[in-house]
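In: sequence isn't available, so here's the structure alone:
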């Protein structure tokens, strides 16, 4: 029996986000939000472990109320319960402040064996939260996990496989442990439609909403106040000027390309 | 011809002493009952029956049966008979054979009823009275002999087909063989008996008997033979036995399709209803409904009757593109297996026992099986219901397309901004609140994301702009949800319908036109159930209109051989057949040819999204089209275009012929 | 959790860079960061210290000096033989508290991206991931420049009150500094008492190095969704026409299991900056561009004239790759 907690992030669909150079801000209006894709892999991993070892899966997200949609989707996939951690005081949090809040919430949940995060988000892509939450909980953490090989509840250990650049590490950790998983390690199961309806109609049974007070958060450690890093400005990324010599395919075009390659000294 | 005509004969020859019937000692009918009492009896019976029927008539309205509809129901049933006949005759041999058997049998039965009527009713009322007399009787005998002959010919055709031609779709089960032989025996024994009667020396009406020409011909072989009456007795009994066996077979064998055909409702392609209303569920917060074919209990009585009506003819199988390609799916097998489970009273899930997942996902939802079945069974409907159970109840999806639709509003899973920037680059006006347009052009996901389909849209918008048609596109356009419905996710489908309903009602337009037949069909036939009633047109309907009204002037000749492939969702679901052909024929120099028959390209029902089997369906359809040696394959659906171009690639024929949308063919002739 | 919280910034001085080594091989990405660290140290007028952790690394302890460090501080211990996040976090946290660098940079290798936030959380300080540039502001703060949202924007981030200011940068974002054996500096070996970790390595399966990893190649031939899987060999053939080349791919091919993850170029894959990048059948989605935009020259081959990739290329050919590539190979051979 495993108590598993999955942390998910509700992110703007990054491919749709545009930048307003006049205001110097990101245009998020009209951009739909989605569950951060690697988090779906995290949920799938959790559900797979629950199927194998029994237990329960809780999903948690520090997000605005709009994220309820995503949390209900997680319930439809098979999570037993979803917790929305929402409070205006969480706004402006960097990864440290976010990890603090998540760690406090996890401690509030109480007993847990494995905490799973997606490796990184499509918006900030830091990969920080897994390790930071691990540190704050005082438990071991492992990033880039490819699969959970086995869990031994008797000896309270877990064997993991993770990929690094030059090979694969098989690691053994004590429980509890925090792991971060990459996108593509599994195929997230489809949220069962009838269960989505159920999560919607019987939301009270499946979804809880917590505030900063619920988790007893120290206000100096959450939100903007609790963030050591600060964004001072955002500018449009300068695109390297490219020559953009585009031709329809022909023998001449190819000969021209070969000439260019020689000019560039790549041949 | 039968035992009653024999009794007729006996009456004429009361003293012949011939042991013509086994019943030498008979009951005295109506002994000591005067004529008037008998007449009164029959009149009272008639009145009683009439009263009972009238009462039942009135009662049905209490049962909720729309009594006033009975005449129209009757008309509908008659119409169905004609429709069934039309479907049967699509296959000439089988159609003719069945028509002969049925026509023959019906005539024989009517004849029997007439004789029975004369003997048991008319003659009882006034013994000297006859209805089958003189010329009427001669005509009667001739017609019945002809009917019997056709009956036998039809049966022989059936037997020969099963024994020698052995078409793949026909299985020779014990039941099939036995019924044919039984009926054949009935027919032949009848003729034989007639021959023996005519050959009998006691038979007096020789000069008239040639009307019964078959019996007469047979009788020549028995002239002058002894002991005929002995044989006759057994023959007559066996004939009676044949009927005794045949009548229960109307329930216990595939012959039940006869009564069931008249009882069972039909489920057309356009009638897929939602198992629940999302609005209702969210309002009432109740989840007390069932979705899909969880088990056979989920089938309505009509759907069960339909299952039992199946005679295993296999025409649906012959029409199925998935069966032709890979044999994984047979609509006939689906119906027969469900039927078997229903009759055996097996409880439990249908999928996994009677139906396999791989079968269910092989279906392209072309609907050909449903429009081919002569008894109007819709095998596809069972498949769709089973899909609903798999997906809505269990979440077992065969493709990530649905997840993509849920998250990104299109089955490709590509960002919304890509769609928006493509539409923007078309430079056509967006629909604006408060401004009515003639046409709201619904681009569809393929037209927004797939490079080939985008070209069709570009051609179409250029054409419409050039013709000064007032049209606009929707800035908020996302998926129409059709794929969700066909794959069985009713929740996602209704969520999408709701979203689109909210958006569409903000704008005013005379018609919504789309180049995608799947979007077209969904708007036209799926959306109205949810209160969204749109005036929907396919882009080929619009084009044809413009051509017919002279707004498009097709000047440049196109000296090419063009074969038009009907998209299933235009042809089968919506009977849009002639419009694209008329549009093409308007092009001078264009030679329009037809493929031997219609077959699906393999793209629908998830075919384009599910790996593996879909590919071969398209290759086979391409081969059909190649047989007429076209320069151009014209069609009107992005899935079809994609499938054919893929098929050309896999056959190494890329560049050898073109695949074009109808609007692209027209555009090239506009000059 | 122990450790001092919010030490006054004045106590912290100097630039620190973690030099990651695996089995005695110093990771080039760390040296690239050392190069940036050198610039920062010069701007601030402070010392650049390289921090190393490992076992039997006395022999390579001098290396960071040759690449620009003023000082090397290292821990050599059997328990540090193979990377272990608990051990390394503990050791480096300890070293940071002893040496108090105001800036601490870690190369964003797989290990680095796990290790750096671990240290930052323990020290309760700020950290920025995947920086593509650094600067120093008028107050002497480290300006951390990174491209969130798939690279559409550049964010400028500072850590005003916490120390050290931590940051990671992905491999090949910065150039490798030149090696100068003439450089001199201090090498200090430290001892740190170690705690038995709860996480241990059971086995390390080294990947077979079949071919040149894409991040080391001078020419990358990348394939995308536009190619039929039966045609991948065309890309390999084209690759062979160049020296020091490797085949890469866009993400969808990896997701579908058609190509290994090690070949994925893009935001969630690898960043490459080869001299020549040839994109075949790649549409040019932003997430892919993010991984190759620093290539010196980009050539694109795609049959869709409207493909985004043509906006990011120096030379583009609109055509069917099945015709273009064989003819190109022919032209290349003829051109020699």
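Out: Thanks, I have the structure now. All values reported here derive from a predicted model rather than from experimental measurement. Numbering: from 1, shown residues only, chains lettered A, B, ... in the order given.

In: distance check, residue B:499 against residue A:39.
Out: Taking Cβ to Cβ, to the nearest Å as the measure, residue B:499 and residue A:39 are separated by 24 Å. Using the backbone N, CA and C atoms, a C-beta is placed for each residue, glycine as well.

In: if you count surrounding residues, which of the two has more?
Out: Under the criterion of other Cβ atoms under 10 Å in any protein chain shown, the comparison of residue B:499 against residue A:39 puts residue A:39 first, with 29 against 15.

In: which SSE is that one in?
Out: Taking DSSP states H and E as the definition, residue A:39 sits inside helix A:37-53.

In: adjacent strands (with direction) for whichever helix or strand comes after that helix?
Out: Beyond helix A:37-53 on the C-terminal side, the first helix or strand identified by DSSP H and E is strand A:55-62. Each strand pairing with strand A:55-62, determined using DSSP bridges, is listed with its direction: strand A:2-7 (parallel), strand A:81-85 (parallel).

In: just the ones you listed: most buried one?
Out: The highest average neighbour count among the strands paired with strand A:55-62, using mean count of other Cβ atoms under 10 Å in any protein chain shown, belongs to strand A:2-7 at a mean of 24.

In: list of residues touching that one?
Out: When contacts are taken as Cβ atoms under 8 Å, 6 or more residues apart in numbering or on different chains, the neighbours of strand A:2-7 outside the stretch itself are A:39, A:42-43, A:46, A:49-50, A:53-61, A:74, A:79, A:102, A:106, A:109, A:111-117, A:129, A:133, A:151, A:153.

In: 6 Å instead, please
Out: Surrounding strand A:2-7, the residues in contact under the criterion Cβ atoms under 6 Å, 6 or more residues apart in numbering or on different chains are A:42-43, A:46, A:49, A:53, A:55-60, A:102, A:106, A:111-117.

In: what average pLDDT does that strand get?
Out: Average pLDDT, strand A:2-7: 98.

In: how about the helices of the stretch 151-300 of chain C, start to end?
Out: C:232-240, C:251-255, C:286-292 (DSSP state H, counting those that start in this stretch).

In: quick one: is the shortest one near chain B?
Out: Put plainly, it is helix C:251-255. No. Counting by Cβ under 6 Å from any Cβ of the partner chain, no contacts exist between helix C:251-255 and chain B, the nearest distance being 9.6 Å.

In: buried ones in that helix?
Out: Within helix C:251-255, the residues scored as buried using 16 or more other Cβ atoms under 10 Å in any protein chain shown are C:251, C:252, C:253, C:254.

In: so what's the third one up against?
Out: The reference is to residue C:253. residue C:259.

In: cool, and the first one?
Out: Taking Cβ under 6 Å, 6+ apart as the criterion, residue C:251 is in contact with C:264, C:266.

In: could you rerun that using 10 Å?
Out: With contact set as Cβ atoms under 10 Å, 6 or more residues apart in numbering or on different chains, residue C:251 has these partners: A:183-184, C:224-225, C:259, C:261, C:264-269, C:285, C:287-288, C:291.

In: the second one now?
Out: With contact set as Cβ under 10 Å, 6+ apart, residue C:252 has these partners: B:413, C:224, C:225, C:258, C:259, C:264, C:266, C:282, C:283, C:285, C:288.

In: re earlier: which of the buried residues of helix C:251-255 lies closest to residue C:312?
Out: The nearest member of the buried residues of helix C:251-255 to residue C:312, counting by Cβ to Cβ, is residue C:251 at 16.3 Å.

In: so residue B:470 sits against residue B:513, correct?
Out: No. No contact is recorded between residue B:470 and residue B:513 when judged using Cβ atoms under 10 Å, the distance being 11.8 Å.

In: shared neighbours of the two, anything?
Out: With contacts taken as Cβ under 10 Å, 6+ apart, the residues that reach both residue B:470 and residue B:513 are B:438, B:439, B:464.

In: got a winner among the residues you listed for most neighbours?
Out: Using other Cβ under 10 Å as the neighbour definition, these reach their maximum at residue B:464, which records 22 neighbours.

In: name the nearest residue to that one, ignoring sequence neighbours.
Out: Take residue B:464 and drop its neighbours on the chain: the residue closest to it by Cβ to Cβ, 6 or more residues apart in numbering or on different chains is residue B:471, 5.4 Å away.

In: residue A:130 too?
Out: The shortest distance from residue A:130 to any residue that is not its chain neighbour, by Cβ to Cβ, 6+ apart, is 3.4 Å, and that residue is residue A:180.

In: surely the one you found meets residue A:143?
Out: Yes. Using Cβ under 10 Å as the test, residue A:180 is close enough to residue A:143 to be in contact (4.3 Å).

In: shared neighbours of those two, anything?
Out: Listed as contacting both residue A:180 and residue A:143 by Cβ under 10 Å, 6+ apart are A:117, A:119, A:120, A:127, A:128, A:130, A:131, A:134, A:162, C:113, C:114.

In: in helices, which of these fall?
Out: A:130, A:131, A:134, C:113, C:114 (DSSP state H).

In: please, which helix or strand holds the closest residue to residue B:296 other than its chain neighbours?
Out: Beyond its immediate neighbours in the sequence, the residue positioned closest to residue B:296 (Cβ to Cβ, 6+ apart) is residue B:342, lying 5.2 Å away. When elements are assigned from DSSP H and E, residue B:342 belongs to helix B:331-344.

In: could you give me the average pLDDT of that helix?
Out: 93.

In: show me what the helix or strand following it is packed up against.
Out: Using DSSP H and E, the helix or strand that follows helix B:331-344 towards the C-terminus is helix B:357-362. Helices and strands touching helix B:357-362, as assessed by 3 or more Cβ pairs under 10 Å, 6 or more residues apart in numbering or on different chains; DSSP states H and E, comprise helix B:321-326, helix B:331-344, helix B:379-388, helix B:614-626.

In: buried sites along helix B:357-362?
Out: Quick answer for helix B:357-362 (16+ other Cβ under 10 Å): B:359, B:360, B:361, B:362.

In: distance of the last one relative to residue B:383?
Out: The one in question is residue B:362. Counting by Cβ to Cβ, the gap between residue B:362 and residue B:383 amounts to 9 Å.

In: higher neighbour count, residue B:470 and residue B:513?
Out: Neighbours were tallied for residue B:470 and for residue B:513 using other Cβ under 10 Å; the higher tally belongs to residue B:513 (25 against 13).

In: interface residues of the stretch 201-336 of chain C facing chain B?
Out: Listed as neighbours of chain B in the stretch 201-336 of chain C under the rule Cβ under 10 Å from any Cβ of the partner chain: C:226, C:228, C:230, C:252, C:255, C:283, C:285-287, C:302-308, C:320, C:322.

In: now, of those, which are buried?
Out: Neighbour counting with 16+ other Cβ under 10 Å marks C:226, C:252, C:283, C:285, C:286, C:287, C:302, C:303, C:304, C:307, C:308, C:320 as buried within those.

In: need these in a markdown table with pLDDT, can you?
Out: Conversion of those to a markdown table gives the following (pLDDT from 0 to 100):
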| residue | pLDDT |
| --- | --- |
| C:226 | 85 |
| C:252 | 82 |
| C:283 | 85 |
| C:285 | 79 |
| C:286 | 73 |
| C:287 | 74 |
| C:302 | 93 |
| C:303 | 86 |
| C:304 | 83 |
| C:307 | 84 |
| C:308 | 84 |
| C:320 | 90 |
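
In: where does the record place the domain boundaries for chain C?
Out: C:9-190, C:214-335 (automatic domain parsing).

In: quick one: which of the ones you listed is nearest residue C:204?
Out: With distances scored as Cβ to Cβ, the stretch of those nearest to residue C:204 is domain C:9-190 (6.5 Å).

In: what is the residue nearest to residue B:464 paired to in the beta sheet?
Out: In this structure, residue B:471 has beta-bridge partners residue B:439, where bridges are defined by DSSP bridges.

In: that one: what's it in contact with?
Out: By Cβ under 10 Å, 6+ apart, the neighbours of residue B:471 are B:428-429, B:431, B:437-441, B:460-461, B:464-465, B:509-511, B:513, B:542.
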